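Visitor: can't give you the sequence, but here's the structure:
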């Protein structure tokens, strides 16, 4: 999975800029993967810009294999097997090629450009020793040598153009240094002219400078000759060692012919080893050193000339490394949290699916039970009807042909319904079996996920987090149910209060006339009592209270 992430990231990065996602890349068919590999090759070498639908799989495999040979890709398989798997668009092979090519994208552009002109065209083995073909090969070799020289000159010119600002600044510094040295020489000459025998001193100084230069040249020659002597001694030691090996082979073989053949084999092995070093090892080392030299030159061109600049860069490097380490730690923590959340979500989904399956299973079981009851009732009805018909036939002394035909027709009419119900019962039983198996699988998956979650919790130091989350969710559900019950009780109390209020209002409306009448009677009663106290009871009895006139002051 890590390779797929790396490949998708590199495909979306410059200079390829493919808009790929993990899902789209994983869902690609073998033909689409082979087309993607061809498109990546075309980004490096535009000669491969074509659609694989316009060529056969073998032609596509040959073309891509030739491109990989030019850019010096070494497959881990035998060339024939690698070509067959490439033609069949094997996913593992294409992933391996994409990972190698995308990791060296820009560096392969130059290698593909140069390798295309330095490679010989493929031809049958029987034509390799044809005089015309050999002459053509010599011509190609000569042209390849000219191409190499021209390419080196082009690189040198591009490097000079790239270093042109630095060269200009260097020339300016040298000119300034020349002017300072000229001024210093003029001052020294003016001082020397005042001395006696100035011409003799000048000659002596010139001679001393010449002798000093000659001494430096002689010391350089001596150092070069010493290096040549060391190389010659090393070659002598290697030759002496080879000679001793040959003498040992001579003594072991005990004959000149055997020794000569063995010597030839040893020399052939040495030649093969040296050829391998020349064609593979040394070019790779040279390329690495050239890259290192280019990086050093680029670093020097960026103004790194003092120890302080180097220390500043080292401090920046340490700071960047610390930032990278902190970012990696954060990413690891996020990955762990995401993995825990994903596992928890999977468990919740499995639980929901299990509950759904269990509910459906119970529904189907009840349906099967109803059908079985219906079947039993139909069987009992058939048995009772058959017993009644048998008794009637026994009483009648036999059943006529028309009655048997009518019964046969009725049974034949019910037969399709019976077959349909039987098929439906079989389907339901099969579905119940599948649902039972699904429940078992989901329960097993739930147990496995619970185990994974527990491991992640122990690893993260939050053991019991999933149980706590489930408990909190259950408490939340119970709280929601309690809130609903509480709302229902409050609504009921509110309705009761409203009913009581309405009943009180209604009673007030009903009792309002009686209360008004009661108030009038109370007033009359008070008047009568007052009149009794005043001794005018007879008058009160004779005159109604409404005719009494009250005097001021009473």
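Guide: Good, I have the coordinates. Just so it is clear, the model here is predicted, and its values are computed rather than measured. Residues are numbered from 1 along each chain as shown.
Visitor: From the contact counts, what lies against the helix or strand hosting residue 410?
Guide: Element membership for residue 410 (DSSP states H and E) is helix 401-460. Secondary-structure packing of helix 401-460 (3 or more C-beta pairs under 8 Å, 6 or more residues apart in numbering; DSSP states H and E): helix 307-396, helix 465-534. For every residue, glycine as well, the C-beta is placed using N, CA and C.
Visitor: quick one: it to chain centroid distance?
Guide: Offset of helix 401-460 from its chain centre (C-alpha atoms, centre = their mean, to the nearest Å): 41 Å.
Visitor: Show the average pLDDT along it.
Guide: Predicted confidence along helix 401-460 averages 82 (mean pLDDT).
Visitor: Now do that helix and helix 465-534, the angle between them.
Guide: Relative orientation of helix 401-460 versus helix 465-534 (axes from the mean of the first three to the mean of the last three C-alpha atoms, to 10 degrees): 100 degrees.
Visitor: re the thing from before, export the helices and strands packed on helix 401-460 to a markdown table and append columns for distance to residue 22.
Guide: Shown next, in a markdown table, are the helices and strands packed on helix 401-460 (distance: least, C-beta to C-beta, whole Å):
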| stretch | distance to residue 22 |
| --- | --- |
| helix 307-396 | 14 |
| helix 465-534 | 27 |
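Visitor: Turn these into CSV, columns for mean pLDDT.
Guide: As requested, the helices and strands packed on helix 401-460 are arranged in CSV below (pLDDT from 0 to 100):
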stretch, mean pLDDT
helix 307-396, 77
helix 465-534, 84
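Visitor: With residue 442 as the reference, name the closest of those.
Guide: helix 307-396 (4.6 Å; C-beta to C-beta).
Visitor: that older thread, mean neighbour count and distance to residue 96 added to the helices and strands packed on helix 401-460, as JSON lines?
Guide: As requested, the helices and strands packed on helix 401-460 are exported to JSON lines (neighbours: other C-beta atoms under 10 Å; distance: least, C-beta to C-beta, whole Å):
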{"stretch": "helix 307-396", "mean neighbour count": "12", "distance to residue 96": "25"}
{"stretch": "helix 465-534", "mean neighbour count": "11", "distance to residue 96": "39"}
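Visitor: Nearest to residue 76, out of these?
Guide: With C-beta to C-beta as the criterion, residue 76 lies closest to helix 307-396 of those, at 30.1 Å.
Visitor: Tell me what angle that closest one forms with helix 401-460.
Guide: Per the same axes, to 10 degrees, the angle that helix 307-396 makes with helix 401-460 is 160 degrees.
Visitor: From the contact counts, what lies against helix 307-396?
Guide: So helix 307-396, by 3+ C-beta pairs under 8 Å, 6+ apart, packs with helix 401-460, helix 465-534.
Visitor: Could you export these as CSV, including distance to residue 140?
Guide: Output for those, formatted as CSV (distance: least, C-beta to C-beta, whole Å):
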stretch, distance to residue 140
helix 401-460, 62
helix 465-534, 71
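Visitor: distance between the ends of stretch 277-285?
Guide: 10 Å (C-alpha to C-alpha, to the nearest Å).
Visitor: For residue 101, the count of nearby residues, please.
Guide: When neighbours are defined as other C-beta atoms under 10 Å, residue 101 has 22 of them.
Visitor: so who does residue 509 touch?
Guide: Going by C-beta atoms under 8 Å, 6 or more residues apart in numbering, residue 509 touches no other residue.
Visitor: Any figure for the gap between the closest residue to residue 368 other than its chain neighbours and residue 355?
Guide: Distances taken as C-beta to C-beta, 6 or more residues apart in numbering put residue 428 closest to residue 368, at 5.3 Å, once the chain neighbours are dropped. Using C-beta to C-beta, to the nearest Å, residue 428 is found at 20 Å from residue 355.
Visitor: One more: residue 82?
Guide: 52 Å.
Visitor: hmm, back to that, just tell me which of the helices and strands packed on helix 401-460 ends up closest to residue 440.
Guide: helix 307-396 (9.9 Å).
Visitor: how distant is that closest one from the center of its chain?
Guide: Using C-alpha atoms, centre = their mean, the offset of helix 307-396 from its chain centre is 25 Å.
Visitor: re the thing from before, what about the residue nearest to residue 368, neighbour count?
Guide: Residues near residue 428, counting by other C-beta under 10 Å: 15.
Visitor: can you pull the contacts of it?
Guide: 364, 367-368, 371.
Visitor: Swap in 7 Å and give it another go.
Guide: Listed by C-beta atoms under 7 Å, 6 or more residues apart in numbering, the contact partners of residue 428 are 364, 367-368.
Visitor: Distance to residue 379 for those residues - can I get that in JSON lines?
Guide: JSON lines is the format used below for these (distance: C-beta to C-beta, whole Å):
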{"residue": "364", "distance to residue 379": "22"}
{"residue": "367", "distance to residue 379": "19"}
{"residue": "368", "distance to residue 379": "16"}
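Visitor: Help me confirm that residue 201 comes into contact with residue 195.
Guide: Yes - Residue 201 is in contact with residue 195 according to C-beta atoms under 7 Å; the separation is 6.4 Å.
Visitor: which non-adjacent residue is nearest residue 75?
Guide: residue 82 (4.3 Å).
Visitor: ok, so what distance separates the closest residue to residue 446 other than its chain neighbours from residue 439?
Guide: Distance criterion C-beta to C-beta, 6+ apart; nearest residue to residue 446, sequence neighbours excluded, is residue 350 at 4.5 Å. For residue 350, the distance to residue 439 (C-beta to C-beta) stands at 11 Å.
Visitor: same check, this time on residue 38
Guide: Going from residue 38 to residue 439 by C-beta to C-beta gives 49 Å.
Visitor: got it, and residue 424?
Guide: For residue 424 relative to residue 439 (C-beta to C-beta), the value is 22 Å.
Visitor: Listing request: residues of the stretch 51-200 of the chain with sub-threshold pLDDT.
Guide: Along the stretch 51-200 of the chain, segments meeting pLDDT under 70 span 105-129, 151, 155-164.
Visitor: And the helices in it, which stretches?
Guide: Ranges of helices in the stretch 51-200 of the chain, per DSSP state H, counting those that start in this stretch, are 57-70, 79-87, 91-103, 105-118, 131-162, 164-193, 198-253.
Visitor: out of these, which comes closest to residue 266?
Guide: Evaluated over the helices of the stretch 51-200 of the chain, closeness to residue 266 peaks at helix 198-253, with 7.4 Å, by C-beta to C-beta.
Visitor: Which elements pack onto the closest one?
Guide: helix 164-193, helix 256-276 (3 or more C-beta pairs under 7 Å, 6 or more residues apart in numbering; DSSP states H and E).
Visitor: distance between the first one and the chain's centre?
Guide: Relative to the centre of its chain, helix 164-193 is centred 62 Å away, using C-alpha atoms, centre = their mean.
Visitor: Stretch 218-235 now?
Guide: 59 Å.
Visitor: Can you mark which positions in it are buried?
Guide: Buried residues in stretch 218-235, counted by 16 or more other C-beta atoms under 10 Å: none are found.
Visitor: cool, stretch 172-188 as well?
Guide: Per 16+ other C-beta under 10 Å, stretch 172-188 contains no buried residues.
Visitor: in stretch 440-454, what counts as buried?
Guide: Per 16+ other C-beta under 10 Å, stretch 440-454 contains these buried residues: 442, 445-446, 449-450, 453-454.
Visitor: Distance to residue 282 added to the residues you listed, as CSV?
Guide: Formatted as CSV, these follow (distance: C-beta to C-beta, whole Å):
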residue, distance to residue 282
442, 62
445, 57
446, 61
449, 56
450, 59
453, 56
454, 57
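Visitor: quick check, nearest of these to residue 93?
Guide: Closest approach between the buried residues of stretch 440-454 and residue 93, by C-beta to C-beta: residue 445, at 33.5 Å.
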